[in-house]
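any chance you can model this:
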Amino acid sequence: MATALCAKVVPEVGGDTVFASMSAAYEGLSARMRGLIDGLQAVHDMKPFKQIFEDTPEDREQLRRFEAIYPPIAHPVVRVHPVTGRRVLFVNPQFTIRIKDMDERESASLLDTLFHQALIPELQYRLHWRPHTLALWDNRSVQHYAVHDYWPQTRIMDRVTVKGARPVGVAAADPATVQKPKKLIAGAVSHGAHKPHLVEDDIRGPAAAE
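Numbering: from 1, shown residues only. All right, here's what the predicted structure looks like:
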């Protein structure tokens, strides 16, 4: 549910932690994409971390123990925050390995798009640690990344994580309620400019409205 992290030893330069709002990440998707992923389920697994175990009897036994404790599990791609009610994009490249009911190529392409939402700088907050800095964040709606740019210096933290409840998702979107894409007017796009593109809805008169 939440994590508290307290800095004990920090490097002189680097060692920041980047936080990303995954509710803002969801809201930043197009209406069509939100309609596509609402109601989907994704499989989460410790598979990406299996490579850290060596091919020794001790490590193989430890790996089997972790696999028994943390088997693959399905979670909603979009979860609902139990307090705010906001929808949250709930996938990450560390544990999310595939989308249920999709073939491998479709799943990989969709997950790659969703993973990149957390990389948008406008959705991030970067924390520069000082000794005794204490950070507390909500794992239900925030992802974090520790920047490893301080070698050979060290960073020592005390960490406490609060166990949360199982994520609750949303129902699949009704295709009839998904916003239709606007049609660009030929020749109205100014490449490289930041002005809004002209679309038919912007210049349509009341008599022409559907």
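
hey, let's count contacts and neighbours off CA atoms from now on
Noted.

who's residue 79 bridged to?
Beta-bridge pairing of residue 79 under DSSP bridges involves residue 88, residue 169.

where along this structure do the helices fall?
Counting by DSSP state H, the segments of the chain that form helices are 22-27, 31-37, 57-69, 104-115, 200-203.

out of these, flag the one nearest residue 133.
Closest to residue 133 of the helices of the chain, according to C-alpha to C-alpha: helix 22-27, at 23.5 Å.

and that closest one, what's buried?
22, 23, 24, 25, 26 (16 or more other C-alpha atoms under 10 Å).

hang on, the earlier thing: looking at the helices of the chain, which is buried most?
helix 22-27 (a mean of 21; mean count of other C-alpha atoms under 10 Å).

show the average pLDDT along that helix.
Average pLDDT, helix 22-27: 97.

shaky segments in this protein?
Along the chain, segments meeting pLDDT under 70 span 173-210.

which stretches of it form strands?
Taking DSSP state E as the test, the strands found in the chain are 2-9, 17-21, 41-44, 73-76, 78-80, 87-89, 96-99, 124-127, 134-138, 142-146, 156-162.

out of the ones you listed, nearest to residue 105?
strand 96-99 (9.7 Å).

so residue 19 makes contact with residue 128?
No: Residue 19 lies out of contact with residue 128 (C-alpha atoms under 8 Å); the separation is 11.3 Å.

who's more crowded, the two?
residue 19 (20 against 13; other C-alpha atoms under 10 Å).

show me what contacts that one?
124, 125, 126, 127, 142, 143, 144, 145 (C-alpha atoms under 8 Å, 6 or more residues apart in numbering).

can we see that at 7 Å?
The neighbours of residue 19, taking C-alpha atoms under 7 Å, 6 or more residues apart in numbering as the test, are 124, 125, 126, 142, 143, 144, 145.

setting the sequence-adjacent residues aside, check what's closest to residue 140.
Excluding its sequence neighbours, the residue lying closest to residue 140 (C-alpha to C-alpha, 6 or more residues apart in numbering) is residue 1, at 5.8 Å.

next one: the one you found relative to residue 78, how far apart?
16 Å (C-alpha to C-alpha, to the nearest Å).

swap in residue 28?
13 Å.

what about those two, which has more around it?
residue 78 (27 against 14).

distance of that one relative to residue 97?
15 Å.

make a markdown table from the strands of the chain and add distance to residue 53 to it.
Shown next, in a markdown table, are those (distance: least, C-alpha to C-alpha, whole Å):
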| stretch | distance to residue 53 |
| --- | --- |
| strand 2-9 | 26 |
| strand 17-21 | 26 |
| strand 41-44 | 19 |
| strand 73-76 | 21 |
| strand 78-80 | 31 |
| strand 87-89 | 30 |
| strand 96-99 | 19 |
| strand 124-127 | 31 |
| strand 134-138 | 30 |
| strand 142-146 | 22 |
| strand 156-162 | 23 |
